[in-house]
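[1] Structure, please.
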Amino acid sequence: MKMRLAVGLVATVAVARASRAKARNKMKDWRGLQQLYFDIALQYHVSARFAAISGLLPVSGNLFHHALEMYLKGYFCKDLNEAQLRNLHHNLRKLWRRFKAEVADQSLNQFDHAIAQLNRFERIRYPEEIERLGLRASIAFKKGDVAVKTPPKSQEPSYEVTIDDLDALAKAIMENSRINPKFFTNRLKGDALTYLQQQNKAVIW
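    This next block holds a predicted model:
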């Protein structure tokens, strides 16, 4: 009887250790994946700022869209597997609603307009939509610095990139993901860091 009890106790301890090891490996896996998401997000972010500062539209908007999508999916790595992340697709509004629901911070509502505007760039990832409907677009660091002038009775869709808002968005996502930006920016060299920091009011880099 005592022998059986000892054997049972050893088995229970072994199972508990295996379970803890599995949990540690799982955390290690999602942490590694999250780092990749944020690393790629930052690369898109740098490229988007370079494109925006250079006046490149609509490419700067497309790149910012990719950046924010990667930042948000990086946040969700802790809870979602690969299939679930893929099922989120490219809809920033859907990703943003889920992010706000989890973080539960009312101050994030200030970015709703920026997300809605940036989400529109998914429509013009390919040029057919531009050829079909036309394009009016603007780039500015601060909202209102450059207005998109709408001709009378114009049917052309408008798109805007406001760099300050998108920098602040990236900062908010990183902070809520408990990510240290310096871990990623330390890898940037030369012009990459210059374009990330140029007129960047989100002082986390």
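[2] Can you classify Tyr159 by secondary structure?
    Following DSSP: H, G, I helix; E, B strand; the rest coil, Tyr159 is assigned to strand.
[3] Kindly report the same for Arg187.
    coil.
[4] phi, psi of it?
    Arg187 has phi and psi values of phi -90, psi -10 when expressed as degrees, to the nearest 10.
[5] Likewise for Arg125?
    Listed backbone geometry of Arg125 is phi -60, psi -40, with angles given as degrees, to the nearest 10.
[6] Could you shift the numbering so residue one becomes 22, and keep it that way?
    Noted, 22 is the first residue going forward, which turns the last one into Arg146.
[7] secondary structure element for the residue nearest the centre of the chain?
    To find the centre residue of the chain, average its C-alpha atoms and take the closest one (C-alpha atoms, centre = their mean): that gives Tyr92, at 2.1 Å. Under the criterion of DSSP states H and E, Tyr92 resides in helix 80-97.
[8] Give the buried residues for the very next helix or strand once past that helix.
    Past helix 80-97, heading to the C-terminal end, the next element that is a helix or strand (DSSP H and E) is helix 103-108. For helix 103-108, the neighbour count (16 or more other C-beta atoms under 10 Å) marks Leu106 as buried. In this view, the C-beta of every residue, glycine as well, is placed from N, C-alpha and C.
[9] who's in contact with helix 103-108?
    Helix 103-108 is touched from outside by 94, 97-98, with contacts defined as C-beta atoms under 8 Å, 6 or more residues apart in numbering.
[10] Recalculate using a threshold of 6 Å.
    With C-beta atoms under 6 Å, 6 or more residues apart in numbering as the test, helix 103-108 has contacts from Lys94.
[11] Would you mind putting the CA coordinates of it into CSV?
    Taking C-alpha atoms only, helix 103-108 is exported to CSV below (Å, rounded to 0.1, in the frame of the first residue of the first chain):
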residue,chain,number,x,y,z
GLU,A,103,-1.3,31.0,-36.0
ALA,A,104,-4.7,30.0,-37.6
GLN,A,105,-6.5,32.5,-35.3
LEU,A,106,-4.1,35.3,-36.2
ARG,A,107,-4.6,34.6,-39.9
ASN,A,108,-8.3,34.6,-39.5
